[in-house]
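S.K.: give the three-dimensional model of this entry:
(one chain, ligands or ions: 2)
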Amino acid sequence: MVLTERVKVKALLESGQAGSLVVAMGWVRTRRGNKNVSFIALNDGSTINNIQVVADNANYPEELLKGITTGSCIGVKGLLVESPGSGQRVEIQAQELELFGTADPETYPLQKKGHSMEFLREIAHLRPRTNTFGAVLRIRHAMAFAIHKYFNDKGFTYLHTPIITASDAEGAGAMFRVTTLDVNNLPRTEEGKINWSEDFFGKEANLTVSGQLEGELGAMALSEIYTFGPTFRAENSNTPRHLAEFWMIEPEMAFYDIVANMDLAEDFLKYLIRYALENCKDDLEFLNKMYDNELLERLLFVVNNSFERLEYTKAVEILEKSGQKFEFPVFWGADLQSEHERYLVEKHFKKPVILTNYPKEIKAFYMKQNDDGKTVRAMDVLFPKIGEIIGGSQREEIYQKLINRINELGIPEKDVWWYLDTRKFGTAPHSGFGLGFERLLLFVTGMTNIRDVIPFPRTPNNCEF
Ligand code: ATP
Ligand code: MN
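M.R.: Ligands and ions are numbered 1, 2, ... in the order given. Below is the predicted model of the structure:
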């Protein structure tokens with residue numbers, strides 16, 4: 001069979017001409033039939049839908065037919081015909097079959113359907129072959145594409161911020177060290193401390209927790225930029241919403257205040273969800289049917305309603321008056337936990353919420369200080385089922401205010417001199433935010449564990465594949 005003659009299953013199902021001779025290749029989902037005829041459901045990952053292949057058993061050697069079991073890989077050449085059965089427009093009447101690879105039914109882990117998500121995580125190398133992960137991975141791709149399209153259409157520049165960084169001023173979480181030193185034989189200074197000046201970069205280095213600080217440098221020249229790359233947090237939080245390696249989208253815009261920042265975040269999220277509804281129909285319908293009957297309804301609701309905007313102080317009042325028993329106490333100054341965020345979104349407002357003006361103590365040093373001396377111009381976007389999906393702020397652009405805060409927090413100036421330079425040379429009001437890509441995917445797919453929306457999740461004690 002000529003490999004280049006292959007047509008994708010999606011194209012065959014959607015626009016293949018009945019009567020034409022076609023070649024399809026893919027993995028066998030099931031083979032049914034009797035001693036005369038085989039019905040093979042074939043999937044190549046281009047769509048959640050299988051194409052049915054009908055083969056006359058008499059035309060093929062026994063040995064070949066025996067190898068066509070669930071999980072095996074085959075090529076088929078045959079006539080595309082209108083399907084007499086319901087559920088599909090066309091099917092293939094096989095004229096040639098080629099077996100590329102068998103999958104021993106005794107040992108193939110996906111022989112049966114209906115495995116638990118936990119089990120599938122243990123076979124992350126094979127789970128893309130399930131309907132569920134096929135759907136999730138196609139949606140993941142569509143969202144990545146839509147993110148670039150959204151910003152490109154708006155004239156933002158995609159900025160590649162570094163993955164290895166020597167700055168840990170961001171304080172967004174514990175970091176992973178990057179070193180080429182021999183851990184069994186570390187160079188020492190005279191005082192017995194590790195001598196990092198002998199390391200690869202001549203100083204300590206880590207994997208980035210966020211591209212924001214460098215993103216701001218870009219915004220101070222290109223005016224509107226975004227980053228979209230991997231970030232790493234060595235936080236030992238075994239929750240369904242945290243990964244040690246996750247992808248983040250971080251737009252950063254000169255001449256945006258906090259309101260423009262909120263407007264962008266809301267428009268961006270709605271655009272992405274609308275894009276999924278319009279372009280990932282089959283996959284979303286599958287997930288809606290199999291996992292979460294309210295998924296489509298929830299997506300439509302978010303697209304069609306405005307987000308509630310209120311201040312942190314007001315939110316704390318609501319939570320205090322709620323009469324709810326929370327695991328973590330609520331009081332002014334407390335960092336809101338996911339249970340608080342979800343109460344506001346799911347019980348109180350019943351829609352996405354954007355909280356602003358948080359106490360400065362619980363937010364990063366670079367956020368714009370309000371005149372009250374107590375709060376900063378932060379904004380968190382909170383979503384149903386998830387809690388925080390976006391964290392952002394207007395940035396402090398006034399040199400003196402920023403340096404005062406840096407000193408208050410004891411951040412060494414030598415670590416952030418380059419960042420401070422933006423406030424010395426042509427400073428500008430500016431804002432930005434970070435969207436966790438996998439949190440977005442949790443919302444769009446209706447999956448409930450973040451490990452199930454990334455191909456190879458990195459979490460504490462999990463780095464096998
Ligand atoms: P959380 O309080 O949920 O841990 P955060 O306040 O640490 O989040 P930020 O530092 O503001 O989050 O990061 C911006 C966005 O990145 C968050 O809104 C979230 O969508 C995402 N995010 C943060 N930490 C993680 C993680 N460990 N795994 C996956 N996504 C994350
Ligand atoms: Mn965190």
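
S.K.: so what are the domain limits for the chain?
M.R.: Taking automatic domain parsing as the reference, the chain has its domains at 3-101, 127-173+209-452.

S.K.: got JSON lines for those domains, with distance to Thr107 too?
M.R.: C-beta here means a position set from N, CA and C on the backbone, and glycine is covered the same way. As requested, the domains of the chain are exported to JSON lines (distance: least, C-beta to C-beta, whole Å):
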{"stretch": "domain 3-101", "distance to Thr107": "10"}
{"stretch": "domain 127-173+209-452", "distance to Thr107": "15"}
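
S.K.: most packed of those domains?
M.R.: For the domains of the chain, average neighbour numbers computed from mean count of other C-beta atoms under 10 Å are highest in domain 127-173+209-452, which has a mean of 18.

S.K.: ends of that domain, what's the gap?
M.R.: End-to-end distance for domain 127-173+209-452: 10 Å, by C-alpha to C-alpha, to the nearest Å.

S.K.: ok now it, how far from the chain's centre?
M.R.: For domain 127-173+209-452, the separation from the chain centroid amounts to 12 Å (computed by C-alpha atoms, centre = their mean, to the nearest Å).

S.K.: mind pulling up the pLDDT for the nearest residue to Thr47 once chain neighbours are set aside?
M.R.: Using C-beta to C-beta, 6 or more residues apart in numbering and skipping the chain neighbours, the partner closest in space to Thr47 is Lys10 (3.9 Å). According to the per-residue confidence, Lys10 scores 97 in pLDDT.

S.K.: list phi and psi for the residue of the stretch 251-400 of the chain found nearest ligand 1.
M.R.: Among residues of the stretch 251-400 of the chain, the one nearest ligand 1 by C-beta to the nearest ligand atom turns out to be Gly391. It sits 2.5 Å away. Gly391 adopts backbone torsions of phi -120, psi 130, taken as degrees, to the nearest 10.

S.K.: and Leu272, by the same measure?
M.R.: Phi and psi for Leu272, reported as degrees, to the nearest 10, are phi -60, psi -40.

S.K.: quick check: it touching Ala146?
M.R.: Yes: in this structure Leu272 lies within contact range of Ala146 using C-beta atoms under 8 Å: 5.4 Å.

S.K.: is Ala55 in a helix, a strand, or coil?
M.R.: For Ala55, the reduced secondary structure class is strand; criterion used: DSSP: H, G, I helix; E, B strand; the rest coil.

S.K.: just the element for the closest residue to it other than its chain neighbours, please.
M.R.: Spatial nearest neighbour of Ala55, chain neighbours left out: Ala94 (4.1 Å); criterion: C-beta to C-beta, 6+ apart. Using DSSP states H and E, Ala94 sits within strand 90-101.

S.K.: related to what we said a few turns ago, can you tell me how far the residue of the stretch 251-400 of the chain closest to ligand 1 sits from Asn461?
M.R.: Distance, Gly391 to Asn461, by C-beta to C-beta, to the nearest Å: 27 Å.

S.K.: got it, and Glu82?
M.R.: In this structure, Glu82 and Asn461 are separated by 53 Å, where distance is defined by C-beta to C-beta.

S.K.: and Ser223, by the same measure?
M.R.: As judged by C-beta to C-beta, Ser223 and Asn461 stand 43 Å apart.

S.K.: need the residues of the stretch 101-250 of the chain near ligand 1, please.
M.R.: For the stretch 101-250 of the chain, the contact set with ligand 1 under C-beta under 6 Å from any ligand atom comprises 172-173, 233, 235, 242-243, 246, 248.

S.K.: where in the chain is pLDDT low?
M.R.: Within the chain, the segments meeting pLDDT under 70 span 169-172.

S.K.: what segments of the stretch 101-250 of the chain are helices?
M.R.: According to DSSP state H, counting those that start in this stretch, the stretch 101-250 of the chain carries its helices in the segments 117-122, 131-153, 212-222.

S.K.: could you dump these to TSV with distance to Asp263?
M.R.: TSV is the format used below for those (distance: least, C-beta to C-beta, whole Å):
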stretch	distance to Asp263
helix 117-122	36
helix 131-153	14
helix 212-222	17
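
S.K.: select, out of those helices, the one closest to Arg6.
M.R.: For Arg6, the closest of the helices of the stretch 101-250 of the chain is helix 131-153, at 18.1 Å, according to C-beta to C-beta.

S.K.: the closest one - contacts with which helices or strands?
M.R.: strand 157-158, strand 224-232, helix 258-279, helix 281-290, helix 437-445 (3 or more C-beta pairs under 8 Å, 6 or more residues apart in numbering; DSSP states H and E).

S.K.: run the angle between that helix and strand 224-232 for me.
M.R.: 150 degrees (axes from the mean of the first three to the mean of the last three C-alpha atoms, to 10 degrees).

S.K.: helix 131-153 to helix 281-290, inter-axis angle?
M.R.: Note on geometry: by the same axes, to 10 degrees, helix 131-153 and helix 281-290 are set 130 degrees apart in direction.

S.K.: just want the angle from helix 131-153 to helix 258-279.
M.R.: Between the axes of helix 131-153 and helix 258-279, defined by the same axes, to 10 degrees, the angle is 130 degrees.

S.K.: and the next element down the chain from the strand or helix carrying Val316?
M.R.: Val316 belongs to helix 312-321 when elements are defined using DSSP H and E. Past helix 312-321, further along toward the C-terminus, the next helix or strand under DSSP H and E is helix 338-342.

S.K.: is ligand 1 contacted by that next one?
M.R.: No: against ligand 1, helix 338-342 shows no contacts by C-beta under 6 Å from any ligand atom, the least distance being 6.9 Å.

S.K.: so which elements touch the helix holding Val316?
M.R.: Short answer (3+ C-beta pairs under 8 Å, 6+ apart): helix 312-321 packs on strand 353-359, strand 375-383.

S.K.: please repeat the previous calculation with a cut-off of 6 Å.
M.R.: Under the contact criterion of 3 or more C-beta pairs under 6 Å, 6 or more residues apart in numbering; DSSP states H and E, the helices and strands touching helix 312-321 comprise strand 353-359.

S.K.: partners of the strand it packs on in the sheet?
M.R.: With DSSP bridges as the criterion, the sheet partners recorded for strand 353-359 are strand 308-311 (parallel), strand 375-383 (antiparallel).

S.K.: I'd like those as CSV, with distance to Leu344 appended.
M.R.: As requested, the strands paired with strand 353-359 are exported to CSV (distance: least, C-beta to C-beta, whole Å):
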stretch, distance to Leu344
strand 308-311, 8
strand 375-383, 6
